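**Student:** give me a 3D structure for the following:
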Amino acid sequence: MCGPMRGALIACLLMLAPSAAPAAPRPPVIVELYTAQGCASCTGAGEVMETLAARRDVLPLTFSVDYWDYLGWTDTLARPEFVARQKAYVSRFGLGEPYTPQAVVGGRGQGGALDAERLDALIARAVQTPAGPRVSLTGTRASVAAGKAPQGGAEVWMVRYDPRPRSVQVRRGDNRGQVVVAVNAVRELRRLGTWRGRGLTWALPEATEAGLVTVVIVQSPRGGGILAMGRSRPPA
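**Tutor:** Next comes the predicted model:
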C-alpha cells in the first residue's frame, strides 16, 4: 500500500512503473583489411587483425586482392568482387588508387592498416555513430527491421568469412618463403538487395564452404558508411 507522504508516493510510482527493456548490445564495428599475399608491406597486417579480433567491439574482416599477383605469386584468397568493393571505397574517399594494406573502419574512415593510432581513433569515432536497424539471422534467412533509411535506400550485403586463421606459405614473389596469416578471411561477398526503411527478409544462399560465419551488412550506397550488421554464431 502506498503511503500518503510525497516521498513515499514518488517511490511507489517508480516501483509501479513498467521497467524499460534492456537495450540490445551494440553491434561491433567492422574493420575491413584490404591486403595481398604478395604485398611485402602487408606482412604485419595479420598481427594487427589478430589484435582487433580479441576485442568485443570490433569485427575484423580480411579481403584479399590481386594487385600484386604480377610479382609472381597468385593470391589464393583474392576475388574480383573484393577488388570491386575496395575500388568503391577508393572513389568514396577520393583516393587516387587502391593500396595495401588498407583498413576501412565502419565504411566511414580509412587509413594504413599498420597505423595503430589512426585505427584506434577511427574505431572510437565509429563506436559513437547512432545504431541502425536491427539485423537478425535465423537459419537460412536474414531480416532487416524497419527504420530510417538514407535517401535512395541502403545496400544489403552478405559476407561469409572463415573464423579459423588461414595460413598460406608464399613460394614466389616479394614474400617468397614467408607464411602469411589471414584473420577472418572473407570467402564470399554478395549483394542481397536494397533496404528503404521497411522491414525485409532475404533467403540466404547455401555456403560454398563448411564452417563459415555469415554477416549481413546494411550500408549506404557506393562504399558509404555501415549502418547496421548482424551475424550468425560461429560453428561450435
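**Student:** identify each buried residue in stretch 200-211, please.
**Tutor:** Of the residues in stretch 200-211, those with enough neighbours to count as buried (16 or more other Cβ atoms under 10 Å) are L200, W202, L204. (C-beta placed from N, C-alpha, C; glycine too.)
**Student:** can you tell me the distance between the two ends of that stretch?
**Tutor:** 26 Å (Cα to Cα, to the nearest Å).
**Student:** and the contacts of it?
**Tutor:** Judged by Cβ atoms under 8 Å, 6 or more residues apart in numbering, the contacts made with stretch 200-211 from elsewhere in the structure are 137, 140-144, 156, 158, 160, 162-164, 187-188, 190, 192-193, 214, 216, 235.
**Student:** only the buried residues of stretch 94-104, if you could.
**Tutor:** Of all the residues in stretch 94-104, those buried under the rule 16+ other Cβ under 10 Å are Y99, T100, P101, Q102, A103, V104.
**Student:** any idea where the helices of the protein begin and end?
**Tutor:** Taking DSSP state H as the test, the helices found in the chain are 6-16, 45-53, 80-92, 116-127.
**Student:** what angle do the last one and helix 45-53 make?
**Tutor:** With axes from the mean of the first three to the mean of the last three Cα atoms, to 10 degrees defining the directions, helix 116-127 sits at 40 degrees from helix 45-53.
**Student:** tell me what helix 116-127 is packed against?
**Tutor:** If you count contacts as 3 or more Cβ pairs under 8 Å, 6 or more residues apart in numbering; DSSP states H and E, helix 116-127 packs onto strand 29-35, helix 45-53, strand 102-105, strand 109-112.
**Student:** for those, which one sits closest to V180?
**Tutor:** For these, the distance to V180 is smallest for helix 45-53, at 6.7 Å, taking Cβ to Cβ.
**Student:** one step back: for the helices of the chain, which one sits closest to Q169?
**Tutor:** Nearest to Q169, of all the helices of the chain, is helix 45-53, at 13.5 Å by Cβ to Cβ.
**Student:** so what touches the closest one?
**Tutor:** The set of residues external to helix 45-53 that reach it, using Cβ under 8 Å, 6+ apart, is 31, 33, 35, 58, 60, 62, 101, 103, 113-114, 116, 119, 165, 180-184.
**Student:** buried stuff in it?
**Tutor:** Neighbour count says helix 45-53 has A45, G46, V48, M49, L52, A53 buried, by 16+ other Cβ under 10 Å.
**Student:** pLDDT value on the first one, please?
**Tutor:** If I follow you right, that is A45. Per-residue confidence (pLDDT) for A45: 94.
**Student:** how about it: what's its closest non-neighbour residue?
**Tutor:** Computed as Cβ to Cβ, 6 or more residues apart in numbering, the closest residue to A45 that is not its neighbour in sequence is P101, at 4.0 Å.
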